[in-house]
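>>> Give me the fold of what follows.
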Amino acid sequence: MVVSPVPVKNPLVIVGPTASGKTALALAIAQSCPNVEVVSADAMAVYRGMDIGTAKPTLTERAAVPHHLVDVVGLGEDYTVTRFQAEARTAIDGIESRGASAIVVGGTGLYVRALVDDFSIPDQYPDVRRELESDPDTVGLWNRLQHMDPAAAEKMLPSNRRRIVRALEVTIGSGRPFSSFGPGVDRYGATRFVQVGLEIDRDLLDRRIDERYDEQLATGLLDEIERLRASAGPQGWSRTASQALGYRELSSHLDGLLSLDEALDEARRRTKRFARRQQRWFRRDPRITWFDATTADLGQQIVQHWKDDGLRASGSSR
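Residues are numbered from 1 along each chain as shown. Take a look at the predicted model:
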């Protein structure tokens with residue numbers, strides 16, 4: 001694929017479910033369009049050593065195309081959406097200061113929204129969070145949130161423990177209602193980012209997920225996990241790193257809790273469920289233009305859209 005330079009600075013954002021081909025597409029576009037750099041929006045690609053299981057770009061690929069926010073932290077560190085937002089902004093500012101164009105690529109929905117919509121992100125309050133997490137009554141926590149911040153409570157199910165705890169953590173820790181921090185993820189305003197999504201048949205996506213696990217095992221995923229476990233030290237993996245798809249299940253196999261087939265089956269199921277959640281998340285954003293991931297001239301189509309839509313988006317606020 002050989003195309004002309006991209007004449008607009010508006011960053012391109014490529015989203016979609018895991019295994020839909022986002023990384024390969026971004027690389028193909030960046031290699032074909034002069035002066036393009038890639039910014040990862042993947043919550044697990046930031047971790048050093050998590051290479052095979054996260055399907056991050058290889059060292060050779062990163063040598064060919066500049067990448068940002070890959071291999072940023074060690075496994076013992078939490079990497080927050082606040083940190084991603086700040087570092088992604090810095091990366092894009094640097095890219096544009098060099099006269100280059102940025103492609104943001106990844107499937108971590110909140111990371112993308114925080115960047116695209118410049119969210120005002122509340123601080124974290126670990127002491128408050130620990131106290132809340134010690135309470136097993138999720139519905140009781142939701143009732144507490146409903147009393148303290150009814151606007152936030154009405155936007156989440158009483159069973160969604162993670163969101164309820166976070167909303168209470170912020171409300172109690174900051175002294176401000178959680179709902180007062182920005183417009184929220186259900187508002188889609190103007191943005192200078194040009195967003196495209198990769199849509200793919202569900203059965204094909206499932207096959208790709210299965211095949212990718214087979215390929216990852218063949219190229220040493222179990223050995224990678226053993227090395228990471230041995231090097232983690234007494235602090236272990238951070239809360240965010242321990243959520244990496246495939247790593248937890250295969251670690252259970254290495255601990256003797258599951259057979260390899262059982263661990264793989266669970267990893268595949270979990271990954272497919274995650275892909276469905278990604279699709280639902282991104283489908284809610286009406287600003288995303290969708291393209292068939294299997295189209296032969298996909299790269300050319302997206303670059304043309306980037307050029308055309310960038311002229312419109314250039315007048316939008318950041």
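
>>> Report the central residue of this protein.
The residue lying closest to the centre of the chain (CA atoms, centre = their mean) is residue 108, at 1.6 Å.

>>> Which residue ranges of the protein form strands?
12-15, 36-40, 67-68, 101-105, 194-199, 289-292 (DSSP state E).

>>> circling back to that earlier point, please name the nearest non-neighbouring residue to the residue nearest to the centre of the chain.
residue 43 (4.3 Å; CB to CB, 6 or more residues apart in numbering). (Each C-beta comes from the backbone N, C-alpha and C, glycine too.)

>>> any idea how far that neighbour is from residue 68?
15 Å (CB to CB, to the nearest Å).

>>> Could you check the pLDDT of the residue nearest to residue 108?
In this model, residue 43 is scored at 95, pLDDT.

>>> Quickly note the distance from the residue nearest to residue 124 when sequence neighbours are not counted to residue 234.
Of all residues not flanking residue 124 in the chain, residue 80 sits nearest, at 6.8 Å (CB to CB, 6+ apart). Residue 80 sits 23 Å away from residue 234, going by CB to CB.

>>> what about the two, which has more around it?
residue 80 (16 against 5; other CB atoms under 10 Å).

>>> I'd assumed residue 145 was in contact with residue 179.
No - between residue 179 and residue 145 there is no contact under CB atoms under 8 Å: 10.0 Å.

>>> The two: which is more packed in?
Taking neighbours as other CB under 10 Å, residue 179 and residue 145 compare with residue 145 leading, 27 against 19.

>>> Next up, the contacts around that one.
Applying CB atoms under 8 Å, 6 or more residues apart in numbering to residue 145 gives the contacts 152, 153, 164, 167, 168, 171, 178.

>>> contacting residues around the third one?
Residue 164 makes contacts with 138, 141, 142, 145, 153, 156, 158, as judged by CB under 8 Å, 6+ apart.

>>> could you redo the last one with a cut-off of 6 Å?
141, 142, 145 (CB atoms under 6 Å, 6 or more residues apart in numbering).

>>> Which single one of those residues is nearest to residue 121?
residue 145 (18.5 Å; CB to CB).

>>> Find the nearest non-adjacent residue to the closest one, please.
residue 153 (4.6 Å).

>>> Quick one: neighbours of the one you found, just the number.
23.

>>> Likewise for residue 205?
24.

>>> What of residue 228?
For residue 228, the neighbour count with other CB under 10 Å is 21.
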